[in-house]
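Enquirer: A predicted structure for the sequence below; I have some questions about it.
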Amino acid sequence: MSSSILSSSHQSSSLLAPTSSSSLGHAPSNNSHSQGNSQTQLPQPQTTSPKQRPVPSNLVTLQDGTTVRVRIEETLAVDDVVRQLCISVKIKDPSAMYALRDENDELVTNENLRKKVKSKVPLKLVYSTPIEAAEIIEKLVARDNRLGRTLTDLRKLIRVREDQFAIEFLNRDGLSELIDIINKYQGNILAYALTALQNLMELDHGWSDIDDAFIFRVVQILSSENSLINVCRPATAILKKLVEADPMAAPGPTTASSSKDLPQSPPGSVYKFGFECVFEQMRKEKTLLETVVNRLGSADTTMALYSMMLINSLLAHATDARWEEFIGELQRLNVRKAVIRLMSSHTIEDLTSCILDFQANMVRVTYRRKTTIVEQNIEPEHAAALNYIWINSKVKEEYDPDGGMIKWRLLGCQTEDLAQEFGEVGVLGLDCLKHFVAQDPDFFAKVVQEQLSRAPERRCPIITASNEVVDLLCEHWAIFGPGYSTSTTFQPFFLNFNRVHALATHFFLRMWNESGATRGDFPRVAALVRSQVKVALRKENVRAWHEVEADFTEVEYRAVRDRQMRELEKEDDVMSKVPVRNMRAKLYKESFEFVRQQRIHCLMQGAWFMNAMPLASNASRDTIRKPSRPWRFMRLDNSMRYLHFVDSALKFDIRNGLEDLKERIDLSSISEIATGTCAPYPQITRNDQPENLVGPGSPSLPSQLSFSLLTASGSSLADQIAPDQSRWADWVDGLNMLRSGGHVASNETDMFVQALTEIGLKIRLLNLSGDKAEIPSGIQSGHPPTNSDFFFSDLVYDTQG
């Protein structure tokens, strides 16, 4: 490339590559020129060796605003580039005082220099990170009218994966200055300081000195209804990050003093906080959870998003010691109702992902309550609920001829052992029964008296019927275990579990009366209810609540019976038997785990994706980094902790292992996997785009095959478009399954799990039918031993038999 005469705003600088006089070479040019002359005589170009190739030009803006065009040899170290640049433009200060940043303020390092040179990224000559950090802290200490601007600059400089400035800032006790500002200021200054700390906490080091007093300060900020929206957003993100900084989530080996203690992280690790630490401070401010739940209805969708993310994080990390207290408080605040309202009013895709995460967390909560044993002699809450039910029944105990008390059998139990009676539905069944009674205590007492006035054979066992409805609803919503939710759509009726249970229990009682059932007809009536549950709760993401009520309250017995008979012609009634339902639950979990392993295997194989442009982001525009190349190959490592990748102008064969993948993303930094958020960059040709993007003219519209990996602050770690629907499902669901509290996003995964479950179930049933085995309607376990005066003998096998 020949030399040219540049204007005063563009000077030529003799730098490193020997191919041209306007290049950065290994030796500085002897040609001298003054900075700012309108015309500069350039030395003649040197002869280029045939083996040498031209090096792309970069524009570098100096601190006085002057722009120079340079040619940088991409194999040099950044320190050498800066040193020769300083010599070329006659800067007298030591070159160690300076560094290079791109137009987005990203620091130029040895790792990314080549990429920026090849892409001809405009650069800026700025002070080095130690000087920047010292200046920032000096301004923070001064606390003058520049404090707001200083905090804004700090927010930009503390960025994910840019450790140099953060290390210098922390080494100069910058964290203490930042916390002191948060403790003393209000308004916008507080918002800027919290946002800077939020960015700092994206790093996995440096903020372990945060103490309980500061956590309580953040709790107080969030609890105040007078706090500004721009203050609450970063404060919520900070609290969420502290919850997730759990010793159990720490990367690498951990130690514990005993098997009962929590793992102890190494000194200086930020993984020392967690749910217990944060919740202890939350308990001091009684209004915090109520305020956070109220903010789910905020007109600011980003505020609603952060509040939803905090609730999900608390649900996913709640410990056994505080679980009952925390879940009880959420139920008291009716958080489910707030989320149901959010389902119909949200406007951003990220909120959809959070709502689905909340549903998955509620499945875990429901399953845990279902498997928690009712212990009235140990748990005061259980005893109080049972006492409430008994008092409102307005029935008095009776005694049998042997002197044994008859109490709960009057309400429909088979025995007086409530732990056994609620054995299949646990505390969930007790909660549902209490809600059913509380909905209309007089009606409950009337029903009880009505049943007791009948002959014993014709009485409807109310408690047993209530428990059967709970079991049917759990089967309908596939509540088979923690972490096995595959729903990809909103389930507002599931979040209204108690109300649906009350409707279905009323329906059970009505079917019992209208059919003239006796005790032996219980399975038949249960089958009717099971059939109606499927009909009433169909397509719940689009149906209105009044339609569900009508399906349960207005339908006639004969219509339900006729429909059930038609269903039985297509499906053997053996599928409704309890042992088969239990088998289905077990196979469902096995199928889910199989699909999960398949998805993770796809991640470990790796795949090519198109780099995409985020159309909406909660992060500020100055933190969005545009990839320099259109394609990215990503692969999960064997430890399942890091996602390694490489950007490329063209697709090429990637070797096994990680040698070709020089960059990586820490999976622990991913808080959300948003879908449908990106579009291809305009320069990507139509031939390079996946076939099923939105359609013609779609570069400005989100692709349905796109996904973004988001941090707790809302900034994006990666924005990709998959080549097809199958690859999109593999990766989005695979990454979600690796996350704590993640949800399934694709219908493909849901269908795979359901199909494998049905196939496995039919194979098992074929084996039974081939052996002519009779499947009982239920299995009654015997009474537990009256004492512990027994032992299990060793089984002895006759090896000669």
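Expert: That came through, no problem.
Enquirer: Dump the one helix or strand Pro234 maps to to CSV, restricted to CA.
Expert: Assigned by DSSP states H and E, Pro234 belongs to helix 229-244. Written as CSV, here are the backbone C-alpha positions of helix 229-244 (Å, rounded to 0.1, in the frame of the first residue of the first chain):
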residue,chain,number,x,y,z
ILE,A,229,-36.3,2.2,40.1
ASN,A,230,-32.7,2.7,38.9
VAL,A,231,-31.6,2.0,42.5
CYS,A,232,-33.7,-1.1,42.9
ARG,A,233,-32.6,-2.8,39.7
PRO,A,234,-28.9,-3.1,40.6
ALA,A,235,-29.7,-3.7,44.3
THR,A,236,-31.9,-6.7,43.3
ALA,A,237,-29.1,-8.0,41.0
ILE,A,238,-26.6,-7.7,43.8
LEU,A,239,-28.7,-9.6,46.3
LYS,A,240,-29.4,-12.3,43.7
LYS,A,241,-25.6,-12.7,43.1
LEU,A,242,-25.0,-13.1,46.8
VAL,A,243,-27.6,-15.8,47.0
GLU,A,244,-25.9,-17.7,44.2
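Enquirer: Strands along the stretch 551-700 of the chain, start to end?
Expert: 607-614, 631-636, 642-648, 663-666, 672-675, 678-680 (DSSP state E, counting those that start in this stretch).
Enquirer: Take these and lay them out in JSON lines including mean neighbour count and mean pLDDT.
Expert: To be clear about C-beta, it is placed using only N, CA and C from the backbone, and glycine gets the same treatment. Below are the strands of the stretch 551-700 of the chain laid out as JSON lines (neighbours: other Cβ atoms under 10 Å; pLDDT from 0 to 100):
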{"stretch": "strand 607-614", "mean neighbour count": "21", "mean pLDDT": "89"}
{"stretch": "strand 631-636", "mean neighbour count": "21", "mean pLDDT": "92"}
{"stretch": "strand 642-648", "mean neighbour count": "19", "mean pLDDT": "90"}
{"stretch": "strand 663-666", "mean neighbour count": "16", "mean pLDDT": "86"}
{"stretch": "strand 672-675", "mean neighbour count": "24", "mean pLDDT": "83"}
{"stretch": "strand 678-680", "mean neighbour count": "24", "mean pLDDT": "84"}
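Enquirer: could those strands be laid out in CSV, adding distance to Val595?
Expert: Listed next are these as CSV, based on distance: least, Cβ to Cβ, whole Å:
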stretch, distance to Val595
strand 607-614, 17
strand 631-636, 16
strand 642-648, 20
strand 663-666, 24
strand 672-675, 17
strand 678-680, 26
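Enquirer: Flag the shaky bits of the stretch 151-300 of the chain, pLDDT-wise.
Expert: By pLDDT under 70, the low-scoring segments of the stretch 151-300 of the chain are 159-162, 251-265.
Enquirer: what about 80?
Expert: Residue ranges of the stretch 151-300 of the chain with pLDDT under 80: 157-164, 203-204, 249-268.
Enquirer: which helix of this structure spans the most residues?
Expert: Identified as the longest helix of the chain according to DSSP state H is helix 578-605.
Enquirer: Can you list the buried residues in that helix?
Expert: 578, 580-581, 583-585, 587-589, 591-592, 595-596, 599-600, 602-603 (16 or more other Cβ atoms under 10 Å).
Enquirer: go on, stretch 271-285?
Expert: Judged by neighbour count using 16+ other Cβ under 10 Å, the buried positions of stretch 271-285 are 271-279, 281-282, 285.
Enquirer: Name the nearest residue to Lys434, ignoring sequence neighbours.
Expert: Ala385 (4.7 Å; Cβ to Cβ, 6 or more residues apart in numbering).
Enquirer: isn't that neighbour right up against Gly429?
Expert: No - applying Cβ atoms under 8 Å, one finds Ala385 not in contact with Gly429, separated by 10.6 Å.
Enquirer: The two: who's more crowded?
Expert: Gly429 (25 against 21; other Cβ atoms under 10 Å).
Enquirer: quick one: which helix or strand includes that one?
Expert: Applying DSSP H and E as the criterion places Gly429 in helix 426-439.
Enquirer: Could you export that helix as CSV, CA atoms only?
Expert: Extracted C-alpha coordinates of helix 426-439, given in CSV (Å, rounded to 0.1, in the frame of the first residue of the first chain):
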residue,chain,number,x,y,z
GLY,A,426,-48.1,-35.8,52.1
VAL,A,427,-48.3,-32.2,53.3
LEU,A,428,-49.6,-31.1,49.9
GLY,A,429,-52.7,-33.2,50.4
LEU,A,430,-53.2,-31.7,53.9
ASP,A,431,-52.8,-28.1,52.6
CYS,A,432,-55.3,-28.8,49.8
LEU,A,433,-57.8,-30.3,52.2
LYS,A,434,-57.4,-27.3,54.6
HIS,A,435,-57.9,-24.9,51.7
PHE,A,436,-61.0,-26.8,50.6
VAL,A,437,-62.5,-26.5,54.1
ALA,A,438,-61.5,-22.8,54.5
GLN,A,439,-63.2,-22.0,51.2
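Enquirer: centre of the chain versus that helix, how much separation?
Expert: Taking Cα atoms, centre = their mean, to the nearest Å, one finds helix 426-439 lying 30 Å from the centre of the chain it belongs to.
Enquirer: which helices and strands does the next helix or strand after it pack with?
Expert: As assigned by DSSP H and E, the chain's next helix or strand after helix 426-439 is helix 441-452. On a contact count with 3 or more Cβ pairs under 8 Å, 6 or more residues apart in numbering; DSSP states H and E, helix 441-452 meets helix 380-393, helix 462-476.
Enquirer: Please find the angle between the direction vectors of the last one and helix 426-439.
Expert: The one in question is helix 462-476. 120 degrees (axes from the mean of the first three to the mean of the last three Cα atoms, to 10 degrees).
Enquirer: Check which helices and strands helix 462-476 is in contact with.
Expert: helix 349-370, helix 418-421, helix 426-439, helix 441-452, helix 497-515, helix 522-536, helix 578-605.
Enquirer: between the first one and helix 497-515, how big is the angle?
Expert: Angle between the axes of helix 349-370 and helix 497-515 is 60 degrees (criterion: the same axes, to 10 degrees).
Enquirer: cool, and the last one?
Expert: With the same axes, to 10 degrees as the criterion, the two stretches helix 578-605 and helix 497-515 enclose an angle of 150 degrees.
Enquirer: can you tell me which residues contact Ile215?
Expert: By Cβ atoms under 8 Å, 6 or more residues apart in numbering, Ile215 lies in contact with 239, 242, 273, 277-278, 281.
Enquirer: Go again with 10 Å.
Expert: Counting by Cβ atoms under 10 Å, 6 or more residues apart in numbering, Ile215 touches 238-239, 242, 273, 277-278, 280-282.
Enquirer: hang on, the earlier thing: name the residues contacting each of Ala385 and Gly429.
Expert: With Cβ under 10 Å, 6+ apart, Ala385 and Gly429 have common neighbours Val374.
Enquirer: show me where pLDDT drops low in the stretch 551-700 of the chain?
Expert: For the stretch 551-700 of the chain (pLDDT under 80), the answer is 564-582, 584-585, 615-628, 668-669, 671, 681-700.
Enquirer: Then the stretch 401-550 of the chain?
Expert: Along the stretch 401-550 of the chain, segments meeting pLDDT under 80 span 403, 480-488.
Enquirer: Apply 70 and report the result again.
Expert: In the stretch 401-550 of the chain, residues with pLDDT under 70: 481-486.
Enquirer: Just to check, Tyr127 is in contact with Leu107?
Expert: No - between Tyr127 and Leu107 there is no contact under Cβ atoms under 10 Å: 11.6 Å.
Enquirer: Which among the helices and strands packed on helix 462-476 is found nearest to Ala712?
Expert: Ala712 sits nearest to helix 349-370 of all those, at 12.0 Å, using Cβ to Cβ.
Enquirer: Mind exporting the C-alpha coordinates of that closest one to PDB?
Expert: Output of helix 349-370 as PDB, limited to C-alpha atoms (Å, rounded to 0.1, in the frame of the first residue of the first chain):
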ATOM      1  CA  GLU A 349     -39.000 -12.300  26.100                       C
ATOM      2  CA  ASP A 350     -36.600 -12.500  29.100                       C
ATOM      3  CA  LEU A 351     -39.600 -12.400  31.400                       C
ATOM      4  CA  THR A 352     -41.100 -15.500  29.600                       C
ATOM      5  CA  SER A 353     -37.900 -17.400  30.500                       C
ATOM      6  CA  CYS A 354     -38.100 -16.200  34.200                       C
ATOM      7  CA  ILE A 355     -41.800 -17.200  34.400                       C
ATOM      8  CA  LEU A 356     -41.000 -20.700  33.100                       C
ATOM      9  CA  ASP A 357     -38.200 -20.900  35.600                       C
ATOM     10  CA  PHE A 358     -40.700 -20.000  38.300                       C
ATOM     11  CA  GLN A 359     -43.100 -22.700  37.200                       C
ATOM     12  CA  ALA A 360     -40.200 -25.300  37.300                       C
ATOM     13  CA  ASN A 361     -39.300 -24.100  40.800                       C
ATOM     14  CA  MET A 362     -43.000 -24.500  41.900                       C
ATOM     15  CA  VAL A 363     -43.000 -28.000  40.600                       C
ATOM     16  CA  ARG A 364     -40.000 -28.700  42.900                       C
ATOM     17  CA  VAL A 365     -41.900 -27.000  45.800                       C
ATOM     18  CA  THR A 366     -45.000 -29.000  45.100                       C
ATOM     19  CA  TYR A 367     -43.200 -32.300  44.800                       C
ATOM     20  CA  ARG A 368     -41.300 -31.700  48.100                       C
ATOM     21  CA  ARG A 369     -44.600 -30.900  49.900                       C
ATOM     22  CA  LYS A 370     -46.100 -34.000  48.300                       C
END
